[in-house]
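Visitor: sequence below, structure please.
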Amino acid sequence: MTAETDEAPGIEAGAWTAGGSAAVEERWAAFHRWGPHILLTVSAVAAAGSADMESMTTGERYAAAALTVVGFVLQLVWGRVARDRPGPSTAAAVYYAVRWALAYVLSWLNPFFAFYAVIGYYGANRLLPRRYVKAGLFATAVTISGCQIGGMPPHGLLLWLAFGVVLGVNVGLVGLLSRLAAQEDARSRAQAATIAELERTNAALQQALDENAALHAQLLVQAREAGVADERRRLAAEIHDTIAQGLTGIIAQLQVVANAPDLAVARTHLERAAALARHSLGEARRSVHNLAPVDLEHAGLPEALKKTVADWAERTGVGAQFTVTGTAEQLHDEVAATLLRIAQEALSNAARHAFATRVGVTLSFMGDEVSLDIRDDGRGFDPLRLPERTGTGGFGLAGMRARAERIAGSLTVESEPGQGAAVSARVPLVRHER
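Guide: Now for the predicted structure:
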């Protein structure tokens with residue numbers, strides 16, 4: 001009778017400790033409280049109705065009856081003591097020994113008391129200190145083996161041999177069941193440890209997700225503030241480079257008109273002033289339009305991009321196709337505005353510099369990322385030799401890259417002279433705030 005864990009190898013070990021639930025513990029407590037009463041009653045009834053009762057002497061019958069009563073009294077007394085001293089103790093060991101002795105004597109008088117003796121298998125682990133558990137199980141096996149050969153003591157060499165064989169079988173079965181119980185207990189403990197570790201891992205993962213969401217929110221706030229500052233600088237530059245210069249030109253032309261020597265010269269400069277005014281008005285409208293993505297006010301990013309691409313194709317006469325891959329989601333305003341601005345700038349660059357005949361725009365939703373790809377079959381360029389800012393007041397590639405990086409994204413450019421160009425922006429998929 002061996003066990004491969006530090007737990008005592010009682011038959012009930014796995015069932016008692018593996019579940020770890022209050023319900024399992026309560027059921028076992030009820031069994032140990034009422035089981036001996038029930039099994040002793042069953043044994044007494046079976047013995048009274050058995051044929052062996054007729055072969056018993058009157059003294060043996062009185063002894064069996066008296067010991068049965070003692071057994072009931074013992075259970076009642078122990079029921080009171082066990083409430084104050086649960087678990088293995090000296091008192092529990094004494095109770096186990098007295099109960100075993102009663103079961104042994106009763107089964108000697110009548111083998112049907114084996115029903116009562118079998119309780120020793122289930123109480124050893126609960127009542128005895130660990131170093132005495134094997135001895136308790138062996139003593140119970142001796143009692144049960146004697147009952148199985150027809151009663152103690154064996155008469156004759158053949159019955160003694162049979163007793164030895166039966167005892168060996170019982171000891172082997174107890175050892176096997178104890179080992180299985182210990183293995184089940186170890187497996188249950190390992191499972192409980194795994195579940196606890198998974199719960200800790202899930203808690204840590206949830207905390208990381210919460211922190212990531214908070215960082216995303218903070219990043220978007222910073223991106224919004226940085227975007228406002230960039231828009232102010234861009235608008236100031238555009239006003240200086242276009243509208244202010246146009247107004248300066250108009251003033252200069254009007255001053256010439258005021259000092260013109262004849263009507264023809266005045267008309268010429270008035271026409272130039274009017275042309276400058278119209279041009280400045282157009283630049284002002286373009287600057288106001290670029291302040292906020294109007295296309296996103298009443299539509300999501302896919303619809304806004306589709307309209308932008310269609311309008312651009314109609315305006316430039318270049319064949320353009322827009323495609324969406326993955327499951328489209330409603331993006332956060334800053335993310336959608338950033339990608340729309342990058343697409344507008346990339347298409348504007350393609351119209352001014354690429355001389356392309358076909359342009360493809362693809363918006364891809366990829367789990368936790370969104371990708372925007374703009375490809376053309378134009379004349380291409382060397383990305384390393386481009387200036388950081390275009391001369392028309394736009395942002396160019398550097399500006400598009402800055403926009404993507406402000407929301408923790410990235411922008412890559414692939415192009416060679418004569419091989420077309422591809423601009424790819426990848427940003428985190430942050431959903432729309434509800």
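Visitor: name the helices or strands packed onto the longest helix belonging to the chain?
Guide: Longest helix of the chain, by residue count under DSSP state H: helix 157-238. With contacts taken as 3 or more Cβ pairs under 8 Å, 6 or more residues apart in numbering; DSSP states H and E, helix 157-238 sits against helix 13-17, helix 130-148, helix 263-291, helix 333-349, helix 396-406. From N, CA and C alone the C-beta is placed, and that goes for glycine too.
Visitor: next SSE downstream of it?
Guide: Going down the chain from helix 157-238, the next helix or strand is helix 244-258, by DSSP states H and E.
Visitor: compute the inter-axis angle for that following helix and helix 157-238.
Guide: 10 degrees (axes from the mean of the first three to the mean of the last three Cα atoms, to 10 degrees).
Visitor: how distant is helix 244-258 from the center of its chain?
Guide: Here the centre of helix 244-258 is set off from its chain's centre by 68 Å, with Cα atoms, centre = their mean, to the nearest Å.
Visitor: and the angle from the longest helix of the chain to helix 130-148?
Guide: Going by the same axes, to 10 degrees, helix 157-238 is angled at 130 degrees with respect to helix 130-148.
Visitor: just to revisit the earlier point, let's have the helices and strands packed on helix 157-238 in a markdown table, adding mean pLDDT, mean neighbour count and distance to residue 107.
Guide: A markdown table is the format used below for the helices and strands packed on helix 157-238 (pLDDT from 0 to 100; neighbours: other Cβ atoms under 10 Å; distance: least, Cβ to Cβ, whole Å):
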| stretch | mean pLDDT | mean neighbour count | distance to residue 107 |
| --- | --- | --- | --- |
| helix 13-17 | 44 | 21 | 25 |
| helix 130-148 | 79 | 20 | 5 |
| helix 263-291 | 73 | 14 | 99 |
| helix 333-349 | 89 | 22 | 82 |
| helix 396-406 | 86 | 19 | 87 |
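Visitor: reformat these as TSV; add distance to residue 199.
Guide: Shown next, in TSV, are these (distance: least, Cβ to Cβ, whole Å):
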stretch	distance to residue 199
helix 13-17	20
helix 130-148	31
helix 263-291	50
helix 333-349	34
helix 396-406	38
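Visitor: quick test: name the residue nearest the centre of this protein.
Guide: Centroid-nearest residue in the chain: residue 202, 5.0 Å away (criterion: Cα atoms, centre = their mean).
Visitor: any idea of the angle the longest helix of the chain forms with helix 396-406?
Guide: Here helix 157-238 runs at 140 degrees with respect to helix 396-406, directions being taken by the same axes, to 10 degrees.
Visitor: any stretches of the stretch 151-300 of the chain with poor pLDDT?
Guide: In the predicted model of the stretch 151-300 of the chain, residues 151, 177-178, 181-182, 185, 223-224, 227-246, 249, 282-295 satisfy pLDDT under 70.
Visitor: and this protein, what are its domains?
Guide: 13-199, 296-434 (automatic domain parsing).
Visitor: residues near residue 418, how many?
Guide: 9 (other Cβ atoms under 10 Å).
Visitor: assumed it was part of a helix.
Guide: No: under DSSP: H, G, I helix; E, B strand; the rest coil, residue 418 sits outside any helix and is assigned coil.
Visitor: isn't it up against residue 379?
Guide: Yes: here residue 418 lies in contact with residue 379, judged by Cβ atoms under 8 Å, at a distance of 6.1 Å.
Visitor: can you tell which of the helices and strands packed on helix 157-238 is closest to residue 225?
Guide: helix 396-406 (9.6 Å; Cβ to Cβ).
Visitor: by contact count, what packs against that closest one?
Guide: Using 3+ Cβ pairs under 8 Å, 6+ apart, helix 396-406 sits against helix 157-238, helix 333-349, strand 410-415, strand 421-428.
Visitor: okay, the angle between it and strand 410-415?
Guide: Orientation check (the same axes, to 10 degrees): helix 396-406 against strand 410-415 gives 150 degrees.
Visitor: would you put the C-alpha positions of helix 396-406 in PDB?
Guide: The C-alpha trace of helix 396-406 is given here as PDB (Å, rounded to 0.1, in the frame of the first residue of the first chain):
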ATOM      1  CA  GLY A 396       4.000  66.000 -49.200                       C
ATOM      2  CA  LEU A 397       5.300  62.600 -48.100                       C
ATOM      3  CA  ALA A 398       6.800  63.900 -44.900                       C
ATOM      4  CA  GLY A 399       3.500  65.400 -43.900                       C
ATOM      5  CA  MET A 400       1.600  62.200 -44.600                       C
ATOM      6  CA  ARG A 401       4.100  60.300 -42.500                       C
ATOM      7  CA  ALA A 402       3.800  62.700 -39.700                       C
ATOM      8  CA  ARG A 403       0.000  62.400 -39.700                       C
ATOM      9  CA  ALA A 404       0.300  58.600 -39.500                       C
ATOM     10  CA  GLU A 405       2.900  58.700 -36.700                       C
ATOM     11  CA  ARG A 406       0.800  61.000 -34.600                       C
END
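Visitor: sorry, back to before: would you turn the domains of the chain into JSON lines with distance to residue 250?
Guide: Shown next, in JSON lines, are the domains of the chain (distance: least, Cβ to Cβ, whole Å):
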{"stretch": "domain 13-199", "distance to residue 250": "73"}
{"stretch": "domain 296-434", "distance to residue 250": "19"}
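Visitor: so which of these is nearest residue 247?
Guide: Here domain 296-434 is closest among these (Cβ to Cβ), at 15.7 Å.
Visitor: which parts of the stretch 1-150 of the chain are helices?
Guide: For the stretch 1-150 of the chain, the helices defined by DSSP state H, counting those that start in this stretch occupy 13-17, 22-48, 52-55, 58-84, 90-109, 114-117, 119-127, 130-148.
Visitor: tell me how many other residues surround residue 56.
Guide: Applying other Cβ under 10 Å, we find 16 residues neighbouring residue 56.
Visitor: before we move on, the earlier item: can you lay out the helices of the stretch 1-150 of the chain as CSV showing distance to residue 372?
Guide: Shown next, in CSV, are the helices of the stretch 1-150 of the chain (distance: least, Cβ to Cβ, whole Å):
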stretch, distance to residue 372
helix 13-17, 59
helix 22-48, 57
helix 52-55, 93
helix 58-84, 74
helix 90-109, 75
helix 114-117, 80
helix 119-127, 68
helix 130-148, 69
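Visitor: beta partners of the nearest residue to residue 346 once chain neighbours are set aside?
Guide: In space, and not counting its chain neighbours, residue 346 is closest to residue 374: 4.2 Å by Cβ to Cβ, 6 or more residues apart in numbering. On the basis of DSSP bridges, residue 374 is bridged to residue 361, residue 423.
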